[in-house]
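Visitor: Would you be able to build a 3D model of this:
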Amino acid sequence: MKKTVEVAAAVIVDDSGRVLATQRGYGPMKDGWEFPGGKIEPGETGEQAIVREIREELAVDIEIDNALGTVEWDYPDFHLTMHCYRCHVKNGHVTLLEHESARWLSPDSLHSVDWLPADRVILPWIKD
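Guide: Numbers count the residues shown, from 1 in each chain. Below you'll find the model as predicted:
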């Protein structure tokens, strides 16, 4: 049986409706594009995890606007449960501490990067 990895992902939207996409800088899925976030630690809620992870990865404080839904995805080596939240930057400037690259994408250009499979599921959920 595959192990399950439970993560939280942030769909960070700016004032002009652009969405932040980040490119993985490490691991087996290096170079794939994703919504930033990470593993939910024991005793932590998805909301607590996403605020902590974004501070650790991007050096900004975010505010959660609403929960978008949960993606269940089978990768070859594990099952992913990804809780997704629409957020905005409360304070700070995005600084890449773990990612290789980042882009702010307009709703029309969301498909211009090579999203990881589970992250592709979220794209239709993003509305202004």
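Visitor: which one is the residue nearest in space to the middle of the chain nearest to, not counting chain neighbours?
Guide: Centroid-nearest residue in the chain: Phe35, 2.5 Å away (criterion: C-alpha atoms, centre = their mean). Take Phe35 and drop its neighbours on the chain: the residue closest to it by C-beta to C-beta, 6 or more residues apart in numbering is Ala9, 4.2 Å away. Where C-beta positions appear, they are placed from N, C-alpha and C, glycine not excepted.
Visitor: how far away is that neighbour from Leu110?
Guide: Separation of Ala9 from Leu110 (C-beta to C-beta, to the nearest Å): 15 Å.
Visitor: So for these two, which residue has more residues nearby?
Guide: Ala9 (27 against 17; other C-beta atoms under 10 Å).
Visitor: Now do the same contact list for that one.
Guide: Contacts for Ala9 (C-beta atoms under 8 Å, 6 or more residues apart in numbering) come out as 34-37, 50, 82-85, 119, 122.
Visitor: okay if I get these as TSV plus distance to Glu63?
Guide: Formatted as TSV, the contacts of Ala9 follow (distance: C-beta to C-beta, whole Å):
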residue	distance to Glu63
Glu34	21
Phe35	16
Pro36	15
Gly37	15
Ile50	11
Met82	20
His83	16
Cys84	15
Tyr85	10
Asp119	21
Ile122	19
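Visitor: Between these, which sits nearest Leu58?
Guide: Pro36 (6.1 Å; C-beta to C-beta).
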